[in-house]
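[1] build me a model:
(chains A and B)
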Amino acid sequence: MSEQLFKVTIDNITIEVPPGTTILNAARKIGGDVAPPAMCYYSKLEGSGGKCRTCLVEVSKGSEKDPRPMPKLVASCRTTVMDGMEVKNITSERVVDARAGVVEFLLLNHPLDCPICDQAGECHLQDLSYEHGKEATRYEFQRRTFTKHDLGPYIQLHMTRCILCYRCVFTADQLTKKREHGVLDRGDHSEIATLIEKSLDNDFIGNVIDVCPVGALTDKTFRFKNRVWFLKAMDAHRDCPTCSGKVTLWNRGDEVYRVTARKDQWGEVEDWICNTCRFEKKKTSDWVIEGPRLINRHSVISQGHYAGSVGTVKPTETFKAVNDGRQPRLLMDIHDISEVNQPGTFLSEIERPAHSTDFNSKKA
Amino acid sequence: MSKKLLLEKAHVEGIRYYDVYRREGGYRSVEKALKTMGPEAIVEEVKKSGLRGRGGAGFPAGMKWSFIAKPEGVPRHLVCNADESEPGTFKDRYLMEFIPHLLIEGLIVSSFALGSNDTYIYIRGEYAWIVDILEQAIEEAKQNGFLGKNILGTGFDCNIHVQRGAGAYICGEETALIESLEGKRGNPRIKPPFPAVQGLWMRPTVVNNVETLAAVVPIINIGGEEYAKIGVGRSTGTKLISACGNINKPGVYEIDMTISVEEFIYSDEYCGGIPNGKKLKACIPGGSSVPILPANLLLKTAKGETRYMNYESLGDGGFATGTMMGSGGFIVLDEDQCVVRHTLSLARFYRHESCGQCSPCREGTGWMEKILKNIEYGHGKLSDIDLLWDIQRKIEGNTICPLGDAAAWPVAAAIRHFRDEFEWHVLHPEEAQKRNYGLAHYADPIHVPVTA
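    Next up is the predicted model:
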């Protein structure tokens, strides 16, 4: 017997998903700008999500049975869909406003040191602030500082950059079966730390680097050795007795600068890798190279691929140009920015590309 | 004079001890409930009474009880929230300290109604001496057959455990309380699932405030319908109010929610007026997290009607011209008090007590405190007031638990009603430093026009 599916409409696009799916995962199935950003949610980590509040969305219709809208914005990563639910993400002014607020809050105590931060080019907060933030901060106070903690030979902790997403804590708890570190103190003084200057030395602890969305936890064996956009990402594997051995090598020429786990399109690790693979196998001969890793064209990492010997060449944004300079993502809510369209017309219900006749106001 | 249900016997000498309490009619409700009523009948009776949770949110207690899941073979729990940490609120402390058996009695009846064989009192760590009082009362109740195995021969087993918190305000939030009770960091959980489905140790759990559970005793004794006749509208029964600030008689009062705010402040039976003949400037009627109201809107609603001490009347007009009953922490400010300093004090508290889990609360509360500090100490700008307004707006409703709202509302209400006091601070920093506010005009409810 086939499982009953729930119909959910997100930013006017309807999709059917199994019961128990979260709004975020339903939106990810649609993809693009409809998928809310997530700084703390990590599908591979149990219990993650709900903390950073970047994925807040507006539920404008609860379900077919109870069509009342939800009074508050909800965390899409922790709210499951109901049949007939209607959700607004980037088409909701409330969401856009709240998300801009969250970005501002996250950046209050996060130093804007991208030029020297080792995470630059791979930082989710950088992307988030570019997509949803404001151009200037209103914060005029000194940013908070912390006493430095030494986490051992592999992992560098920069607490000033931490956004308290708890991903590394969940990783250490769930992956290593050993409580390695946690959050000390509370409020804006909270910090990630081991209790008494303990090293993080478990076999799989290197994965905390991969799950960190900002530059708070970085790889000591790679720091400042190169910039990610100068490196070539290659899929590779080796016969590892501890983990799957499937990794991404970050090469410059034949030299392996860094080894990371492979990440999916949402920036989440596909297979956890062990410390040996990550920190100790830095020779090309240690690996069987599978081929170049596909990097998103819009990623900073791919910038170098468009570049000549000097500078970069920006691809022509045709869509934006033909749309009078409007951002393509606003097309998701066409009827809000154009008077000719009908609010009752759902793009997802049209079985072919939308045509002007679909939005003809004289049509019934 | 208001009818007394909870504190009726509080003045009796030795009421803290079982013998005196029993002699004064204590534990009658346990006998009645366990011997003549079933769990469903008790829940029905509480529903009929219209009792609303006395911890602050005011959610109907009977309805909350009826939500509890009853999966086969899974234990259920009742947890008494005695983590009374809101500034200005100290009513539960009085009840537990002076008449602890009332709470124990209410807990036994409620545990029976909810099917909880292990019930917990999560008490604020600073109430160290009350822990001893409660444990003694539990021991006395056990020795007299009201706790332990086979209570009164009915086959119902119940144990009450007292657990001290470590002094975190956030642990008064029900899910953070549950986390703390489980021995973890007291961070609020994301709902759903609600505790009624997955609470303590993932079992169905009901968390109720001390006063709510104590109120179950008179409800069973006199019946839900009789209880509902006391009070007015959906504000049934009696309510404990902890009054403090600039009043002649600070203390804990039991009111039946039909008296006016004016009567409560000025009558000798309650607060006894403002000391030294000063004028009333403002009041926070429901604990520090609820919006402050200036005198003119406190005594009369925006429509010019008398404001009463009950949920509906205090909330009349929404947050624009009203406030909340909250937990009943009634804080009075006379004409000499500075709203800016007062708001800074509250902002400091909420910044300190934020658990740090979610970004708007963690970062926003600290930011608000810093701006308020600048304004208070004469370094503020006029644009800071709008910035404060915007920050609180971005915190409210966007956090995991209500602490974000609790931090935002006092700031919002202070700016809404006392904006020119903030501006005066910015424009007259030196005078503000000297604490010469010159803002007594707020204190005259007669001459200040109501602005709805």
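[2] which residues does residue A:263 bridge with?
    The residues listed as beta-bridge partners of residue A:263 by DSSP bridges are residue A:269.
[3] near chain B, which residues of the stretch 51-200 of chain A show up?
    Within reach of chain B by CB under 8 Å from any CB of the partner chain, the stretch 51-200 of chain A has these residues: A:51-54, A:56, A:71-73, A:75, A:78, A:97-98, A:101-102, A:104-106, A:108-109, A:138-139, A:141, A:163-164, A:166, A:182-183, A:185-190. In this view, the C-beta of every residue, glycine as well, is placed from N, C-alpha and C.
[4] in helices, which of those fall?
    Under the assignment DSSP state H, those contribute A:97, A:98, A:101, A:102, A:104, A:105, A:106, A:108 to helices.
[5] quote the end-to-end distance of stretch A:182-195.
    End-to-end span of stretch A:182-195 (CA to CA, to the nearest Å): 8 Å.
[6] and stretch A:270-278, by the same measure?
    With CA to CA, one end of stretch A:270-278 sits 15 Å from the other.
[7] wait, residue A:146 touches residue A:157, no?
    No - counting by CB atoms under 8 Å, residue A:146 stays clear of residue A:157, with 9.1 Å between them.
[8] more neighbours: which of these two?
    Counting neighbours by other CB atoms under 10 Å in any protein chain shown for residue A:146 and for residue A:157 shows that residue A:157 has the greater number, 25 against 15.
[9] wait, doesn't the more buried one sit right on residue A:194?
    No - counting by CB under 8 Å, residue A:157 stays clear of residue A:194, with 9.2 Å between them.
[10] overlap of the contact sets of these two?
    Contact criterion CB atoms under 8 Å, 6 or more residues apart in numbering or on different chains; residues shared by residue A:157 and residue A:194: A:149, A:151.
[11] and residue B:333, how far from residue B:340?
    Residue B:333 is 12 Å from residue B:340, where distance means CB to CB, to the nearest Å.
[12] tell me the mean pLDDT for stretch B:108-123?
    For stretch B:108-123, mean pLDDT is 96.
[13] tell me how far it lies from the chain's centre.
    20 Å (CA atoms, centre = their mean, to the nearest Å).
[14] how long is that stretch end to end?
    For stretch B:108-123, the first and last residues are 17 Å from each other (CA to CA).
[15] so which residues of the chain form strands?
    Picking chain A for this. Secondary structure of chain A, counting by DSSP state E: strands at A:6-10, A:13-17, A:56-61, A:74-75, A:85-88, A:155-157, A:182-184, A:191-193, A:217-219, A:232-237, A:246-252, A:255-261, A:288-292.
[16] that was the other one, I meant chain B.
    Under the criterion DSSP E, strands of chain B are mapped to B:76-82, B:116-123, B:148-151, B:156-164, B:205-209, B:231-232, B:235-236, B:239-245, B:251-255, B:280-284, B:293-294, B:329-334.
[17] now those strands as TSV including mean neighbour count?
    Rendered in TSV, the data for the strands of chain B read as follows (neighbours: other CB atoms under 10 Å in any protein chain shown):
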stretch	mean neighbour count
strand B:76-82	27
strand B:116-123	22
strand B:148-151	15
strand B:156-164	18
strand B:205-209	26
strand B:231-232	20
strand B:235-236	24
strand B:239-245	22
strand B:251-255	21
strand B:280-284	27
strand B:293-294	24
strand B:329-334	25
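[18] rewinding a little: with pLDDT and neighbour count as new columns, can the ones in helices among the residues of the stretch 51-200 of chain A next to chain B be given to me in a markdown table?
    Output for these, formatted as a markdown table (pLDDT from 0 to 100; neighbours: other CB atoms under 10 Å in any protein chain shown):
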| residue | pLDDT | neighbour count |
| --- | --- | --- |
| A:97 | 94 | 14 |
| A:98 | 95 | 24 |
| A:101 | 95 | 25 |
| A:102 | 96 | 27 |
| A:104 | 95 | 25 |
| A:105 | 96 | 28 |
| A:106 | 95 | 26 |
| A:108 | 93 | 19 |
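[19] okay, and for the stretch 1-150 of chain A, where does confidence drop off?
    Applying pLDDT under 70 to the predicted model, the residue ranges of the stretch 1-150 of chain A that meet it are A:1-2.
[20] nearest to chain B: which residue in it?
    Across the stretch 1-150 of chain A, the shortest distance to chain B (CB to the nearest CB) belongs to residue A:101, at 3.3 Å.
[21] wouldn't that residue be in contact with residue B:394 here?
    Yes - the pair residue A:101 and residue B:394 qualifies as a contact (CB under 8 Å) at a distance of 3.3 Å.
[22] spit out the residues that contact these two alike.
    Between them, residue A:101 and residue B:394 share the contacting residues residue B:360, judged by CB under 8 Å, 6+ apart.
[23] give the contact list for residue 154.
    I'll assume chain A. Applying CB under 8 Å, 6+ apart, we find residue A:154 in contact with A:200, A:201, A:205, A:206, A:219, A:220, A:221, A:275, A:279.
[24] that's the wrong chain, I meant chain B
    When the contact criterion is CB under 8 Å, 6+ apart, the partners of residue B:154 are B:34, B:35.
[25] at 10 Å what do you get?
    Shown here is residue B:154, whose contacts under the criterion CB atoms under 10 Å, 6 or more residues apart in numbering or on different chains are B:30, B:31, B:33, B:34, B:35, B:112.
[26] how many neighbours does residue 278 have?
    You didn't say which chain, so I picked chain A. If you count neighbours by other CB under 10 Å, residue A:278 ends up with 25.
[27] wrong one, I was asking about chain B
    By other CB under 10 Å, the burial measure for residue B:278, its neighbour count, is 16.
[28] how near is it to residue B:346?
    Distance of residue B:278 to residue B:346, computed by CB to CB: 22 Å.
[29] same question, residue B:121
    Relative to residue B:346, and taking CB to CB, residue B:121 is found at 28 Å.
[30] residue B:27 now?
    Here the criterion is CB to CB. By it, residue B:27 lies 41 Å from residue B:346.
[31] which of those two has more neighbours?
    Each of residue B:27 and residue B:346 had its neighbours counted (other CB under 10 Å), and the higher figure belongs to residue B:346 (25 against 22).
[32] how close does that one get to residue B:290?
    With CB to CB as the criterion, residue B:346 and residue B:290 are 11 Å apart.
[33] same check, this time on residue A:289
    Taking CB to CB as the criterion, residue A:289 is separated from residue B:290 by 64 Å.
[34] next: residue A:121.
    Relative to residue B:290, residue A:121 is positioned 47 Å away (CB to CB).
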